[in-house]
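# With the input below, show me the fold.
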Amino acid sequence: MRRIHRRKLLKLSGASTLAAGSGLAGILASGQAPAFAQGTTLQWLKFVDFVPVSDQLLKGKIKDECKKALGIDLSIETINGDGIQARISAAIQSRSGPDIMMAASNWGQLYAENLVDVSDIAEEVGKAQGGYFQTSRDIAYDGKRWIAMPFTILGVLFANRTSWFADVGVTPGKFPGTWDDYRAIGKQMKSKNHPYGQTLAHAFGDGPAFWYPYLWSWGGKEVEADGKTVALNSKGTVESVKFAVAFWKECFDDGGMSWDDAGNNRAFLANTISSTSNGASIYLLAKAKADTYLTESGKPLKDDIFHAPLPKGPAGQFSYHVPFSNLVPTYGKNQKAAKDFLRWFHTKDIYGEWFTSQQGFSTGTTRMWEDDPVWKVDPIMAPFRTAAESGHFAGYAGPAGRAAAEAISKFIIVDMYTKAVQGMPAEEAVKWAHAELVKIYA
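Predicted coordinates:
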């Protein structure tokens, strides 16, 4: 194992927070595990990574390094993302389950009173690494304490087929800048049997990451800044829904009505859609399996992909990059060990190993990672480097608190558009969603 020396750890954590020769710094410098951790097994429940090599790293090299550094046996269970929230809820309700649980979006806000305060770790890491992006703070801080440890932010941009867009006169540097322009190009694409692809189902990442910023770009919003006054039923929201209905019929693959978070990945890799809002996983898989994923002409698909931000609407340009965090539940018997593991994992050297394995799929929760060498490896990934600087999060223009977490968990904004596309009048779809939000925010 590469030794994490005491001087380096003190610099990372802030010399004022750790006593010289004691605490975690002393443990790591000496290479000896603390007495409490001997024989401790930590159970970490997390999403199956869209970059498989990262889970392999965690379950192999980092697991071994954790054992050597902390004396902790790290047991990692990975399941599909669409099953995670149910597992978290069940564990909290039964007060038994994993010691650490990975959460998407602001799910942690739903369970705040049942989560361990991790403010000491979060503040320590944030201070050492240039501060957190606002999204990371929004989802993990409840106004008084850090209820979750920010883990990563998944940058979300459009993945596009370079050659197909070139066929209609669009180059990567001149990607459609407005929804009107994107729609006009989409009509041409669908007429050539190259439709756009987006989910209108309950996909925890892809659904909100597209439809929330789309709503904001029209001037629509869930709630006012006070976090109490529901403001969805507005002219901007209604216009966004009317546009979406025609937009969908003219430009999109109807299969998206039932896609999970991997549905658009599969469609793009199968050469059936031309553009989709997604993380970098489509490109990275096409790159990793260049002999498997080919264009219709037999060339590597990886060489026919470019990325671009979502277009502007009447109210401007918005984005939503999916944040992830780790929760430490209060029912756990290994709370101290869980916090020590998270502190250790987020050191520059250890987290850096994992971050490098992500190849740009994750943008990091703190600003330090924007300067990581990983961004110099592949120019196709360059647009993701600063993705986390922009965007709002569920609950805009109010806080990303418990109510916003419940709203996104129930897919109310996504369902508003789904109902309209399925035939409900735009005004009625908006009224329905507004009423559902009132029940939550009241």
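
# Spit out the contact partners of the residue most central in space within the chain.
Centroid-nearest residue in the chain: Val322, 2.4 Å away (criterion: CA atoms, centre = their mean). Shown in contact with Val322 (CB atoms under 8 Å, 6 or more residues apart in numbering): Ala104, Ser105, Ile153, Leu154, Val156, Gly205, Pro208, Ala209, Gly279. Using the backbone N, CA and C atoms, a C-beta is placed for each residue, glycine as well.

# Put together CSV for those, with secondary structure and distance to Glu77 on each row.
Below are the contacts of Val322 laid out as CSV (DSSP: H, G, I helix; E, B strand; the rest coil; distance: CB to CB, whole Å):
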residue, secondary structure, distance to Glu77
Ala104, strand, 16
Ser105, coil, 20
Ile153, strand, 23
Leu154, strand, 20
Val156, coil, 26
Gly205, coil, 20
Pro208, helix, 25
Ala209, helix, 25
Gly279, coil, 22
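
# which one of these is nearest Leu57?
Leu154 (17.3 Å; CB to CB).

# any idea how far that closest one lies from Glu370?
15 Å (CB to CB, to the nearest Å).

# likewise Asp181?
Taken as CB to CB, the span from Asp181 to Glu370 is 29 Å.

# And for Gly83?
Going from Gly83 to Glu370 by CB to CB gives 32 Å.

# and Gly39, how many neighbours does it have?
9 (other CB atoms under 10 Å).

# again with Asp349
A count of nearby residues for Asp349, using other CB under 10 Å, gives 16.

# What of the one 5 residues further on?
Other residues near Trp354 come to 20 when the count uses other CB under 10 Å.

# Return the per-residue confidence for it.
pLDDT recorded at Trp354 is 98.

# element containing it?
Assigned by DSSP states H and E, Trp354 falls within helix 348-358.

# Buried ones in that helix, by neighbour count?
Lys348, Asp349, Ile350, Tyr351, Gly352, Glu353, Trp354, Phe355, Ser357, Gln358 (16 or more other CB atoms under 10 Å).

# so who does the spatially closest residue to Tyr141 that is not a sequence neighbour touch?
For Tyr141, ignoring the flanking residues on the chain, the nearest one in space by CB to CB, 6 or more residues apart in numbering is Ile147 at 7.2 Å. Counting by CB under 8 Å, 6+ apart, Ile147 touches Gly108, Gln109, Tyr111, Ala112, Leu115, Asp117, Val118, Ala140, Tyr141, Leu327.

# And the pLDDT at Ile147?
98.

# Tell me how far it lies from Pro383.
In terms of CB to CB, Ile147 sits 31 Å off from Pro383.

# Make sure Ile100 is actually in contact with Ala338.
Yes: in this structure, Ile100 is within contact of Ala338 by CB atoms under 8 Å, at 5.3 Å.

# any shared contact partners between these two?
Contact criterion CB under 8 Å, 6+ apart; residues shared by Ile100 and Ala338: Leu42, Val328.

# quick revisit: would you turn the contacts of Ile147 into TSV with secondary structure?
Below are the contacts of Ile147 laid out as TSV (DSSP: H, G, I helix; E, B strand; the rest coil):
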residue	secondary structure
Gly108	helix
Gln109	helix
Tyr111	helix
Ala112	helix
Leu115	strand
Asp117	coil
Val118	coil
Ala140	helix
Tyr141	strand
Leu327	strand
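
# wait, which of these is closest to Trp216?
For those, the nearest to Trp216 is Gln109 (19.7 Å; CB to CB).

# Helix or strand: which one has the spatially closest residue to that closest one that is not a sequence neighbour?
Nearest residue to Gln109 in three dimensions, chain neighbours excluded: Ala405, at 4.1 Å (CB to CB, 6+ apart). Per DSSP H and E: Ala405 is located in helix 402-409.
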